[in-house]
Each structure stands twice: as structure tokens, then as C-alpha cells.
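In: fold the following for me, if possible:
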Amino acid sequence: MTDLQTVLPTPANKVIDNVDGNVDDGSSIIATKQFSILALYKFLRRDKSQEALDLPELKTELLEMASKFELKGTLIIANEGINGTVCMPKEHAAEVEQFFGNHELFSGIRMRWSNHAGKDAVFHRMFVKIKKEIVSMGVHLETMKSDGGKVHEEDYDDGNPGHPLAGDYIAANNWDDFFKKNPDVDLIDCRNSYEVGMGTFTGAIDPGTDSFTQFPSWLENFGHSNESSKPKKIAMFCTGGIRCEKATAFAKLMKHKESGEPLFQNVYHLEGGILSYLDKVGSANEVVDSNSSRDRIKKSSFIGECFVFDQRVSVGSGLKRGTYTLCHGCRAPLSKDNVHHPTFIRGVQCKDCCNISVDESSASGTKRQLDKKHMERQIERQRQFEISQEKGERWGDTCKNFALDAEKKRRSIMCKSKIDKS
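Out: Residues are numbered from 1 along each chain as shown. This next block holds a predicted model:
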């Protein structure tokens with residue numbers, strides 16, 4: 001049995017690799033590969049595509065494409081469209097872009113590309129999931145329309161992959177100038193609290209939500225808290241833009257409870273989200289040609305780093321990989337200070353979840369025993385992970401072997417117990 005007292009936090013003189021938790025003390029040279037990361041979404045036209053869409057067939061088609069071009073990540077498909085992020089070897093990027101660009105359903109799809117250099121892709125597996133919505137806010141927008149019906153033909157713009165009822169777009173390179181000229185517009189961060197805590201725009205309002213489904217009720221309260229006789233003007237932003245598509249559509253459809261008038265006078269959102277903005281933020285010593293320099297953002301109003309839903313954990317200016325890592329105990333993003341906290345144990349716990357695992361003063365004896373066993377499993381899992389890294393094995397294969405070994409040990413103990421009883 002593992003002696004918990006011998007488990008020490010990662011030494012401060014070593015660097016945590018925030019993709020896989022591996023430690024690099026500078027003593028080894030690790031070969032890197034070039035990958036392309038694609039974030040995409042598109043809302044489909046209801047009158048042409050949605051009702052006739054065969055989702056199982058589309059899933060098969062996407063999985064075949066993913067296998068051909070070595071994609072890893074997640075794509076969500078629904079009758080309303082497609083949303084997701086995938087990673088692939090850089091040499092397949094042009095072929096994947098061509099696939100979506102030429103597809104009869106996805107022509108005009110919004111795509112955001114970024115690069116990654118590392119031992120592995122930023123995702124471990126490939127999923128295509130069929131769901132009711134490509135992003136869920138917990139509110140059915142169509143039922144909020146004054147006619148109580150469907151989105152109509154005139155609501156759609158063939159050149160726009162966004163939601164047909166969404167607010168007005170503001171391009172990333174015009175974002176800061178917009179607020180200088182419109183100081184009466186309230187800026188709202190649509191993301192969850194842990195994302196906002198890692199970084200946000202100067203002056204942005206944090207709704208304090210734990211999930212996107214909590215946002216509609218917060219926005220309704222915010223709108224009705226207006227003491228002015230005029231409706232509020234608001235602008236929103238999120239990671240890649242898709243949450244704002246529905247959030248701004250919801251805001252435009254909201255009515256005052258008493259007067260029945262629109263709750264918000266003007267509704268805007270950042271086109272392409274924070275990722276689009278950070279992609280245009282250049283470093284001081286960056287060399288760019290004269291044409292692209294006009295679209296660059298020289299002084300960023302985004303403070304901190306942006307959380308991303310992959311193994312990079314966070315990105316900064318120029319979409320370069322950030323400094324955050326993940327706690328494998330509670331899945332919370334960790335800053336460098338969190339990693340060097342005395343309670344941090346790599347692959348096991350951080351300062352926010354350590355008390356849940358090892359605080360024996362506030363739990364029953366049974367609970368303490370369960371916590372100790374859980375920690376032992378986490379420590380053994382991390383040990384197996386590090387062994388797989390040293391051998392150059394795939395972590396997924398190591399997990400399977402680890403699970404099989406654990407099952408064999410469990411059955412062996414059960415058999416021995418039965419023999420002893422007999």
C-alpha cells in the first residue's frame with residue numbers, strides 16, 4: 001500500500017507541462033510535432049436543412065472524415081447546426097478546411113485556426129455527438145418570438161453562419177474603439193466564473209454563473225434592474241462566439257414584465273469571441289507586413305488568459321499556449337501559484353480539493369478510509385502515467401492496462417476471500 005506521507009508536491013524547480021502533466025526539468029529533449037486546431041460552428045437554415053437532416057448519417061460521414069485526416073476532438077451536431085473543436089496534424093489542415101467549405105450543409109461555416117507544437121494532439125480521442133442543441137442555454141428562443149412560431153426565411157442571412165436572431169457583430173479589430181465611442185454600453189462576460197477568473201476584458205461585468213443555463217435568469221434580473229427610463233445598451237463576449245449567438249438572440253427577444261417593451265435597446269457581441277480578439281493581438285517585437293498590421297491590435301484590453309476546452313487549458317496573445325494547467329483531482333484550472341502551493345500533488349490534488357480528499361477532522365471513519373483509498377488510486381494512476389511517458393507509450397493504452405490490472409487484483413482478492421471463508 002502506498003505511504004501517503006512519502007508523496008511530496010512537485011519540486012518548485014521543475015516545470016509542469018500543462019498538456020499532460022509531465023515534468024520537464026530540462027534534462028531531456030522531447031521531439032515535437034506540428035498540429036492545427038480548428039474551432040468551428042454554424043447554425044443551419046431551418047427551412048432547407050434542419051427538418052430533412054439525417055443526423056446518424058451525418059455522424060458517420062464526419063467520423064470517416066476524422067479517421068482519414070487523423071482528427072481528435074469533439075463535434076456536436078443537432079438539427080440546428082454544428083459546433084466543436086478538433087485537432088489534426090498540420091499537413092491535413094487544408095484538406096479539412098476544404099471538406100467543410102465544400103460541404104452542402106456547412107458552406108460558410110465559421111472557422112478559427114490556431115497552431116500547436118507538442119508531443120501529442122491537444123485531444124486524446126475523437127467524438128461526434130448527436131444532441132438537441134449545439135449549445136444549450138436552457139431556453140427555447142423560438143417560443144419567445146412575438147408570433148410564437150418558427151424562425152422565418154427573412155431572419156436568415158446566407159453569408160452568416162451565426163444564429164439568425166443574434167445581436168449585431170463587432171469585429172475584433174474594432175472592439176476597443178467601439179467602447180471608446182460608446183461608453184454607455186454595458187459590457188457583459190457570458191462565460192462561467194472560473195473562466196472569468198482567469199482573464200476578461202477591462203470593465204466587463206461578471207454574471208457569477210457556474211453554467212450557461214444560469215445566464216438567462218441573470219440577464220433578466222440585470223435588465224429589470226435598470227433605473228433609467230431608457231432600455232440598456234449591452235455588448236457580450238465569450239470564448240469563440242457561439243454562446244453569444246444565443247445569448248444576444250435571447251436578449252433581443254426579452255420584454256419588460258410591466259410595459260412589454262424591449263428590455264434592451266441595442267445588443268452587440270464580439271465576432272468570433274475572445275479567440276478572434278487574441279489572434280489579432282501582436283507582441284511588441286512581432287514583424288508583420290503593412291497590410292496585416294492594420295488589423296493587428298497593439299494594446300490589448302483583455303487582461304489575463306483565456307480558458308480553452310482542450311489540453312492547452314489556456315491561451316494568451318496570438319493564441320499562444322498559456323501558463324495554466326489542470327488539477328486531475330477536481331479538474332479546476334491552476335495558475336503557477338496554485339501549482340507551487342504546498343498542498344499541490346501532481347496528478348492527485350490542488351489546494352482547492354485537498355481538503356475534500358484528506359481532511360480527516362471533519363469526516364467519519366468510513367469516509368476517511370474511502371478518501372485514503374481514493375488518493376492511493378490517484379497516486380498510482382499518476383505513477384503509471386509517468387511510466388508511460390518515459391516509455392513513450394500512449395496514455396490511453398496505459399489506462400486500459402491499468403484498469404485491467406486493477407480488475408484482476410480485485411477478482412483475486414474476492415476469490416481469496418471466498419476460499420478463506422470456506
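
In: got the residue ranges for the helices in this protein?
Out: 55-68, 93-102, 175-181, 193-198, 215-224, 242-253, 273-279, 290-293, 336-339, 354-358, 365-391, 395-421 (DSSP state H).

In: now the angle from the second one to helix 55-68?
Out: Relative orientation of helix 93-102 and helix 55-68, computed by axes from the mean of the first three to the mean of the last three C-alpha atoms, to 10 degrees: 160 degrees.

In: quick one: average pLDDT of helix 93-102?
Out: Average pLDDT, helix 93-102: 96.

In: nearest residue to the residue nearest the centre of the chain other than its sequence neighbours?
Out: The centroid of the chain falls nearest to residue 309 when counting by C-alpha atoms, centre = their mean (2.7 Å). Closest residue to residue 309 apart from its sequence neighbours, by C-beta to C-beta, 6 or more residues apart in numbering: residue 85 at 6.6 Å. Quick note: C-beta positions are derived from backbone N, CA and C, even for glycine.

In: tell me how far the one you found lies from residue 138.
Out: 22 Å (C-beta to C-beta, to the nearest Å).

In: just residue 171 next, same as before
Out: 29 Å.

In: report the contact partners of the nearest residue to residue 257 once chain neighbours are set aside.
Out: Spatial nearest neighbour of residue 257, chain neighbours left out: residue 224 (6.7 Å); criterion: C-beta to C-beta, 6+ apart. The contact partners of residue 224, by C-beta atoms under 8 Å, 6 or more residues apart in numbering, come to 256-257, 263.

In: in a markdown table: those residues, plus neighbour count, distance to residue 281 and pLDDT.
Out: Below are those laid out as a markdown table (neighbours: other C-beta atoms under 10 Å; distance: C-beta to C-beta, whole Å; pLDDT from 0 to 100):
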| residue | neighbour count | distance to residue 281 | pLDDT |
| --- | --- | --- | --- |
| 256 | 14 | 38 | 87 |
| 257 | 10 | 41 | 85 |
| 263 | 22 | 33 | 91 |
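
In: closest one of those residues to residue 195?
Out: Closest approach between those and residue 195, by C-beta to C-beta: residue 263, at 25.1 Å.

In: which other helices and strands contact the longest strand that the chain contains?
Out: Across the chain, the longest stretch assigned as strand under DSSP state E is strand 33-43. Applying 3 or more C-beta pairs under 8 Å, 6 or more residues apart in numbering; DSSP states H and E, one finds that strand 33-43 makes contact with strand 81-89, helix 93-102, strand 110-118, helix 242-253.

In: Serialize these to a markdown table and add fields for distance to residue 354 and mean neighbour count.
Out: Shown next, in a markdown table, are the helices and strands packed on strand 33-43 (distance: least, C-beta to C-beta, whole Å; neighbours: other C-beta atoms under 10 Å):
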| stretch | distance to residue 354 | mean neighbour count |
| --- | --- | --- |
| strand 81-89 | 31 | 23 |
| helix 93-102 | 41 | 14 |
| strand 110-118 | 29 | 18 |
| helix 242-253 | 32 | 25 |
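
In: which of those comes out lowest on mean pLDDT?
Out: Among the helices and strands packed on strand 33-43, strand 110-118 scores lowest, with a mean of 91.

In: which elements pack onto it?
Out: Counting by 3+ C-beta pairs under 8 Å, 6+ apart, strand 110-118 packs on strand 33-43, helix 93-102, helix 273-279.

In: picking up where we left off before, a markdown table for the helices and strands packed on strand 33-43, including distance to residue 390?
Out: Shown next, in a markdown table, are the helices and strands packed on strand 33-43 (distance: least, C-beta to C-beta, whole Å):
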| stretch | distance to residue 390 |
| --- | --- |
| strand 81-89 | 24 |
| helix 93-102 | 31 |
| strand 110-118 | 17 |
| helix 242-253 | 39 |
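
In: nearest spatial neighbour of residue 86, skipping sequence neighbours?
Out: Using C-beta to C-beta, 6+ apart, the closest residue to residue 86 is residue 73 (3.5 Å).

In: wait, that neighbour touches residue 124, no?
Out: No - taking contacts as C-beta atoms under 8 Å, residue 73 lies outside contact range of residue 124: 9.5 Å.

In: these two: which has the busier surroundings?
Out: residue 73 (23 against 16; other C-beta atoms under 10 Å).

In: now that one: how far from residue 271?
Out: 23 Å.

In: fine by me, we can end here.
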